[in-house]
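Visitor: My questions are about this predicted structure, shown below with the sequence.
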Amino acid sequence: MGRLSGRVALVTGAGRGIGAATARRLAEEGARLILADLDVEGCERVAAEIKAAGSEAVAVRCDVSSEADAQQAVTTAVETFGQLDILVNNAGILRDNLLFKMSENDWDGVLNVHLKGAFHCARAAQKPMVERKYGRIINLSSTSALGNRGQANYSAAKAGMQGLTRTLAVELGPFGITANAVAPGFIDTDMTRATAQRLGLTPEQFQQSMTPHIPLRRVGQPSEVASVIAFLASDDASYVSGQVIYIAGGPAGIIM
Ligand code: NAP
């Protein structure tokens, strides 16, 4: 019996990176999974791995910036497994640029996926959670919430995720629902690899340039974010709500 046995979890952006690692970890701990992503083939690959390991998982195509898609992902969870207990708002994109070069599309694209996507999914998920007086919502923020050059859009979205998290904790607490955020620093995924490429560096060169600024002197792995999300999703965190946990190999707010 795992810590999450009997629970049903919906993870957005579960086709790769932190979302895929989170889906695998929640399944290992006993949860049944809905994996939602624009990239449904990626979700299907992760769902197949989870099923091969003996758990249940369903892949759905979902653009979280669409209200209808977010609602459909929640409906799929309830129709397939009868309930929804855990929501991980993880889907994300980067459209980095210095402010004077940042387009309205760059701004809207990032805000629409991270912040509006989390709003859509949380609003759809709260209904089955409130009905059962139980829920766990975990939002992906970032150390960039504290400000980061070239990321006006992303920093605003990730700071917004923290305000959204605190407000969800306040509004949904009376219904037995907790809401928390995790704020990773540098995690080795396709997202940071794409940033390396944009800067004209190999992923290894980019990581080497960052590690002297990280107290633990290494970048993080997706599994190291997934394990904290699993804790927040479990009853080990039953009295933790409205918090932001930085997963950055050091304290939040150091100059990177
Ligand atoms: P990733 O490897 O780029 O994966 C992101 C996933 O989200 C992809 O599968 C992507 O699908 C999906 N996605 C993008 N737009 C979507 C949409 N509109 N609807 C549904 N799914 C969508 O990123 P990651 O590094 O794992 O990051 C996961 C989360 O952690 C993000 O919120 C990110 O901001 C946050 N985070 C990451 C780091 C880091 O260092 N990696 C640090 C702090 C916070 P496609 O493949 O179709 O694009």
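Guide: Cool, the structure landed. Numbering: from 1, shown residues only.

Visitor: for residue 190, what are its contacts?
Guide: Neighbour list for residue 190: 16-17 [criterion: Cβ atoms under 8 Å, 6 or more residues apart in numbering]. In this view, the C-beta of every residue, glycine as well, is placed from N, C-alpha and C.

Visitor: Return the distance of it relative to residue 18.
Guide: 10 Å (Cβ to Cβ, to the nearest Å).

Visitor: Check residue 132 too.
Guide: 27 Å.

Visitor: my read: residue 137 touches residue 179, true?
Guide: Yes: applying Cβ atoms under 8 Å as the test, residue 137 and residue 179 come out as touching, 4.2 Å apart.

Visitor: what touches both of these two?
Guide: Shared contacts of residue 137 and residue 179, defined by Cβ under 8 Å, 6+ apart, comprise 122, 165, 168, 172.

Visitor: Which member of these is positioned nearest the ligand?
Guide: When the shared contacts of residue 137 and residue 179 are compared for distance to the ligand (Cβ to the nearest ligand atom), residue 165 wins out at 13.0 Å.

Visitor: The closest one: neighbouring residues, count only.
Guide: Other residues near residue 165 number 26, with proximity taken as other Cβ atoms under 10 Å.

Visitor: Please apply the same query to residue 170.
Guide: Look at residue 170: counted by other Cβ under 10 Å, it has 12 neighbours.

Visitor: Grab the nearest non-local neighbour of it.
Guide: Leaving aside its chain neighbours, residue 170 sits nearest to residue 242 (6.9 Å; criterion: Cβ to Cβ, 6 or more residues apart in numbering).

Visitor: which phi and psi does residue 8 have?
Guide: Torsion angles at residue 8 (phi, psi; degrees, to the nearest 10) stand at phi -120, psi 130.

Visitor: all helices of this structure, in order?
Guide: Per DSSP state H, the chain carries helices over the ranges 17-28, 40-52, 67-81, 104-110, 117-132, 152-172, 190-198, 203-210, 222-233.

Visitor: Any chance of CSV for those, columns mean pLDDT and distance to the ligand?
Guide: Below are the helices of the chain laid out as CSV (pLDDT from 0 to 100; distance: least, Cβ to the nearest ligand atom, whole Å):
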stretch, mean pLDDT, distance to the ligand
helix 17-28, 98, 2
helix 40-52, 98, 6
helix 67-81, 98, 7
helix 104-110, 98, 9
helix 117-132, 98, 6
helix 152-172, 98, 7
helix 190-198, 95, 3
helix 203-210, 96, 10
helix 222-233, 98, 6
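
Visitor: tell me the most buried of those helices?
Guide: helix 17-28 (a mean of 26; mean count of other Cβ atoms under 10 Å).

Visitor: Can you list the helices and strands that that helix packs against?
Guide: With contacts taken as 3 or more Cβ pairs under 8 Å, 6 or more residues apart in numbering; DSSP states H and E, helix 17-28 sits against strand 8-12, strand 32-37, helix 40-52, strand 86-89, helix 222-233.

Visitor: could you dump it to CSV, C-alpha only?
Guide: Presented in CSV, the C-alpha positions along helix 17-28 are these (Å, rounded to 0.1, in the frame of the first residue of the first chain):
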residue,chain,number,x,y,z
GLY,A,17,10.3,16.5,-18.0
ILE,A,18,9.0,17.3,-14.5
GLY,A,19,5.4,16.4,-15.3
ALA,A,20,6.4,12.9,-16.6
ALA,A,21,8.6,12.3,-13.5
THR,A,22,5.8,13.4,-11.3
ALA,A,23,3.3,11.1,-12.9
ARG,A,24,5.7,8.2,-12.5
ARG,A,25,6.3,9.0,-8.9
LEU,A,26,2.6,9.5,-8.0
ALA,A,27,1.9,6.1,-9.7
GLU,A,28,4.7,4.4,-7.8
